[in-house]
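**Q** Give me the fold of what follows.
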Amino acid sequence: MNAIIKPTGESGKSTEEIGKPVEKLGVMLCGHGSRDLGAVQEFAVVAGQLRAKLPYDAVEYGYLEFAKPIIREGLDKLRAKGVTKVLAIPGMLFAAGHAKNDIPSVLNTYQAQNEGMTIHYGRELGIDVKMLRAAGDRVAEALAAAKTEVPRHETLLVVVGRGASDPDANSNVAKVTRMLWEGMGFGWAETAYSGVTFPLVAPALEHAAKLGYRRIVVFPYFLFTGILVQRIYDYTDAVAAKFPDIEFIKAGYLNDHPLVLQTFADRVTEILEGTGNMNCQMCKYREQVLGFEAEVGLQQESHHHHVEGIGSAAPTLGHDHGHGHGHAHGHDHGHDHGAAGHHHHPYPHADHPLGPKTLTKLSHD
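**A** Okay, the predicted model is just below:
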């Protein structure tokens with residue numbers, strides 16, 4: 001087959017390219033944000049490590065709420081560096097309201113207000129082989145540090161997700177549980193959530209403790225630290241006190257595992273390749289998902305304007321605060337993401353007896 005050669009000018013460039021402005025690419029990592037400085041710092045460290053992995057000089061980050069820089073400020077930095085094409089990705093495990101509505105709303109608004117800059121939005125980390133391997137490493141690290149030897153088939157795994165008012169995101173946590181269960185050969189596994197949906201951690205652990213396993217491993221499937229991670233560990237201790245014959249092991253969260261960083265880099269590459277499409281087959285905003293039929297076609301808007309930048313001080317990009325995976329900081333949103341949080345559409349099972357309020361401090365604290 002003969003190659004098609006485009007006519008070129010003296011510069012060697014195609015005549016179709018001559019006269020076109022040079023496109024400069026930049027990357028924007030969009031996080032949720034937290035009032036807890038430890039969580040914000042961990043996110044900033046990941047952003048710094050991502051900068052080192054990607055072939056772009058301009059890599060910035062920002063948060064929806066409770067921390068600085070906010071997303072708009074990160075985009076301002078990219079624009080000041082001459083970036084004309086932004087590759088934006090959500091710094092989130094799964095796509096619920098923040099990734100599907102809030103972040104796109106902020107990005108769309110910014111693009112409309114800044115002529116000459118285009119923003120291309122990628123997908124969340126999602127269900128990915130690399131993410132599952134990273135999760136398996138965290139669980140394996142916890143098992144390796146245990147003082148006793150208990151066979152895997154006599155061990156029960158509890159995976160704890162953040163919890164959302166989006167059933168698609170919640171179902172992904174359950175899939176992670178199953179993949180770890182089958183892949184690592186545990187005797188049994190259960191899924192729990194830190195808030196918004198059900199079952200919450202305490203009832204899930206008490207149920208798990210009655211199934212007759214010698215050991216229970218509790219794994220918070222979270223990217224970063226925070227009050228919720230600490231409360232998951234606190235509830236684990238409380239349930240463990242009720243069942244002294246069972247060994248409870250607390251695994252570390254994902255944080256800056258190398259495979260997490262690689263998955264972030266993959267999401268950026270997908271945008272350029274045109275393959276980074278979000279899975280909308282189970283999206284409650286597009287399809288009649290069982291129990292959430294009233295939310296089809298809801299307006300896409302961010303609910304975080306009132307808390308942009310409030311909370312933690314801005315950390316330095318790439319600053320390593322040196323906290324281990326087992327150390328948990330606060331991550332308190334200061335608001336309820338349940339039935340009325342941010343004026344979201346009411347969660348259909350807000351009165352479920354096993355949830356869905358976000359974890360609170362133990363009563364004896």
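
**Q** hey, let's count contacts and neighbours off CA atoms from now on
**A** Fine.

**Q** chain center to the helix or strand bottoming out on mean pLDDT in the chain: distance?
**A** Every helix and strand of the chain was ranked by mean pLDDT, DSSP states H and E. The lowest is helix 97, at a mean of 87. Put simply, helix 97 sits 12 Å off its chain's centre (Cα atoms, centre = their mean, to the nearest Å).

**Q** And the contacts of it?
**A** Here helix 97 makes contact (Cα atoms under 8 Å, 6 or more residues apart in numbering) with 164-166.

**Q** On the C-terminal side of it, identify the next helix or strand.
**A** Using DSSP states H and E, the helix or strand that follows helix 97 towards the C-terminus is helix 103-113.

**Q** Tell me how many other residues crowd Lys147.
**A** The number of residues packed near Lys147 is 7, by other Cα atoms under 10 Å.

**Q** Could you check the pLDDT of it?
**A** pLDDT recorded at Lys147 is 92.

**Q** so which helix or strand takes in it?
**A** Taking DSSP H and E as the criterion, Lys147 maps to no regular element, lying outside all helices and strands.

**Q** And for Gln230?
**A** If you go by DSSP H and E, Gln230 is part of helix 227-242.

**Q** Can you work out which other helices and strands pack against that helix?
**A** Packing contacts for helix 227-242, counted by 3 or more Cα pairs under 8 Å, 6 or more residues apart in numbering; DSSP states H and E, involve helix 201-209, strand 215-220, strand 247-250.

**Q** Pull out the buried positions in that helix.
**A** For helix 227-242, the neighbour count (16 or more other Cα atoms under 10 Å) marks 227-236, 239-240 as buried.

**Q** just these now: which is nearest Pro258?
**A** Distance ranking of the buried residues of helix 227-242 against Pro258, using Cα to Cα, places Val229 first at 20.7 Å.

**Q** Looks like the closest one contacts Pro220 (just checking).
**A** Yes - contact criterion Cα atoms under 8 Å: Val229 and Pro220 qualify, at 6.7 Å.

**Q** phi, psi of Leu157?
**A** For Leu157, the backbone dihedrals are phi -100, psi 130 (criterion: degrees, to the nearest 10).

**Q** I'd assumed Arg214 was in contact with it.
**A** No - counting by Cα under 8 Å, Leu157 sits too far from Arg214 to count as a contact (11.3 Å).

**Q** neighbour-wise, which of these two wins?
**A** Between Leu157 and Arg214, counted using other Cα under 10 Å, the more crowded position is Leu157 (28 against 17).

**Q** I'd like the buried residues of helix 227-242 as CSV, with pLDDT and distance to Gln111 appended.
**A** Listed next are the buried residues of helix 227-242 as CSV, based on pLDDT from 0 to 100; distance: Cα to Cα, whole Å:
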residue, pLDDT, distance to Gln111
Ile227, 91, 34
Leu228, 95, 34
Val229, 96, 35
Gln230, 95, 38
Arg231, 96, 39
Ile232, 98, 39
Tyr233, 98, 41
Asp234, 98, 43
Tyr235, 98, 44
Thr236, 98, 45
Val239, 98, 49
Ala240, 98, 51
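
**Q** so which two of the residues you listed are the farthest from each other?
**A** Ile227 and Ala240 (19.5 Å).

**Q** Out of the buried residues of helix 227-242, flag the one nearest to Lys81.
**A** Taking Cα to Cα as the measure, Lys81 lies nearest Ile227 of the buried residues of helix 227-242, at 35.8 Å.

**Q** Next one: that closest one from Leu64, what distance?
**A** 18 Å (Cα to Cα, to the nearest Å).

**Q** Single out the most deeply packed of the helices and strands packed on helix 227-242.
**A** Highest mean neighbour count of the helices and strands packed on helix 227-242: strand 215-220, a mean of 25 (counted as mean count of other Cα atoms under 10 Å).

**Q** could I have it exported to PDB, CA atoms only?
**A** Extracted C-alpha coordinates of strand 215-220, given in PDB (Å, rounded to 0.1, in the frame of the first residue of the first chain):
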ATOM      1  CA  ARG A 215      -9.800 -14.400  61.500                       C
ATOM      2  CA  ILE A 216     -11.500 -11.300  59.900                       C
ATOM      3  CA  VAL A 217      -9.500  -8.900  57.700                       C
ATOM      4  CA  VAL A 218     -11.000  -5.400  57.400                       C
ATOM      5  CA  PHE A 219      -9.800  -3.500  54.300                       C
ATOM      6  CA  PRO A 220     -10.900   0.100  53.700                       C
END
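
**Q** If you count contacts, what does that strand end up packed against?
**A** Where contact means 3+ Cα pairs under 8 Å, 6+ apart, strand 215-220 is packed against strand 155-161, helix 227-242, strand 247-250.

**Q** possible to save the ones you listed as a markdown table with distance to Lys100?
**A** Listed next are the helices and strands packed on strand 215-220 as a markdown table, based on distance: least, Cα to Cα, whole Å:
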| stretch | distance to Lys100 |
| --- | --- |
| strand 155-161 | 18 |
| helix 227-242 | 22 |
| strand 247-250 | 31 |
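
**Q** Among the ones you listed, which comes closest to Pro346?
**A** Proximity to Pro346 (Cα to Cα) singles out strand 155-161 among the helices and strands packed on strand 215-220, at 20.4 Å.

**Q** Tell me which helix or strand comes right after that closest one.
**A** Toward the C-terminal end, the helix or strand that comes next after strand 155-161 (DSSP H and E) is helix 167-184.

**Q** quick one: that next one to strand 215-220, angle?
**A** Angle of helix 167-184 versus strand 215-220, following axes from the mean of the first three to the mean of the last three Cα atoms, to 10 degrees, is 140 degrees.

**Q** same question for helix 167-184, mean pLDDT?
**A** In this model, helix 167-184 carries a mean pLDDT of 96.

**Q** now the angle between strand 155-161 and that helix, please.
**A** Here the directions of helix 167-184 and strand 155-161 differ by 150 degrees (the same axes, to 10 degrees).
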